[in-house]
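Enquirer: Okay, structure incoming, though there's no sequence with it:
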């Protein structure tokens, strides 16, 4: 597994790329989220674009999808290789939310693209394809690159009947299957990430062990259920201690994320063998103090804690 980027949130930072992870199994690569600079980090890690078999999007916040389409039009630009050269890449992501939440704090809010304000992964991909059609059409004609429509197959994740919708984003549920092939079996749960819907956590089971990705989430029993006895739990974390935030923003962060001081308890409840922190942001300091974060995350947890860094390689065992 390679942590391509470990930074949380849309604002760019110079020392970390946006959230993205590559899971490697016997020469096959499964991407989990495609945040800012993910494509560049993928190349820096020396990985092979043609080895990508599937892309999994936990949710459609821009910091998780900023480089998604770059994998198609940049990673797929090689004439005799690249993305899709071994067959279309399968993309698994959220379907349409179905509605918008009220404005935080009350009052009216503008609606972007009112004819389709909550597109899912399929429409997102289609509109991105249309937006860069001129570039694609020219490259197809003068460089022999492939039609981007042939490089991937989008499969919006179907939800089980648990009463979930944009007003009830993550009810108590058991893990459900998303996909399987000859290398991995992938399951998921819904997680509460503020008003975002759907927002997923994913678990990958392989013959070598299991890796669970929390996605963006606040506290929920769905995570320990999905991550039960997992070998690696890759979990998001934020630090609010010492931060000067407004009461409203502080409350918003707690409804959307898990504090690093409390993430160890999640790993303990799940029985995770190792805890890997990613999707990181410290609201009190300009830089992240990894030893301090490790101590915080060890609270209530006896296993190994890894504070993730960009381009870090980790093995299941």
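Expert: Received it, and whenever you're ready, just let me know what you need. What you see is a predicted model, and the numbers here were worked out from it, not measured in a lab.

Enquirer: My guess is residue 153 contacts residue 89. True?
Expert: Yes. Taking contact to mean C-beta atoms under 8 Å, the distance of 7.4 Å between residue 153 and residue 89 places them in contact. Quick note: C-beta positions are derived from backbone N, CA and C, even for glycine.

Enquirer: pLDDT below threshold where in the chain?
Expert: Filtered on pLDDT under 70, the chain yields no residues whatsoever.

Enquirer: how does it look with 90?
Expert: Low-confidence segments of the chain, defined by pLDDT under 90, are located at 77-81, 84-86, 103-106, 243, 245-252, 286-287, 317.

Enquirer: mind listing the strands for it?
Expert: Secondary structure of the chain by DSSP state E: the strands cover 2-5, 20-25, 28-34, 52-56, 89-93, 152-156, 176-180, 185-190, 200-206, 209-213, 232-239, 274-282, 304-307, 312-313.

Enquirer: Out of those strands, flag the one nearest residue 67.
Expert: Closest approach to residue 67 among the strands of the chain (C-beta to C-beta): strand 28-34, 4.5 Å.

Enquirer: ok, back up a step: so for residue 153 and residue 89, which sits in the more crowded spot?
Expert: Just comparing residue 153 and residue 89: by other C-beta atoms under 10 Å the higher neighbour count belongs to residue 89, 23 against 15.

Enquirer: beta partners of that one?
Expert: Each beta-bridge partner of residue 89 is listed here: residue 152, as defined by DSSP bridges.

Enquirer: was I right about it contacting residue 50?
Expert: No. Contact between residue 89 and residue 50 fails when scored by C-beta under 8 Å: they sit 9.8 Å apart.

Enquirer: which residues are common contacts for those two?
Expert: Common neighbours of residue 89 and residue 50 are listed as residue 83 (criterion: C-beta atoms under 8 Å, 6 or more residues apart in numbering).

Enquirer: residues contacting residue 185?
Expert: 177, 179, 204-206.

Enquirer: List the buried residues in stretch 110-121.
Expert: Of the residues in stretch 110-121, those buried under the neighbour-count criterion (16 or more other C-beta atoms under 10 Å) are 118-121.

Enquirer: same question, stretch 246-262
Expert: Within stretch 246-262, the residues that qualify as buried by neighbour count (16+ other C-beta under 10 Å) are 252-254, 256-261.

Enquirer: Centroid-nearest residue for this protein?
Expert: Nearest to the mean C-alpha position of the chain, by C-alpha atoms, centre = their mean, lies residue 33 at 3.6 Å.
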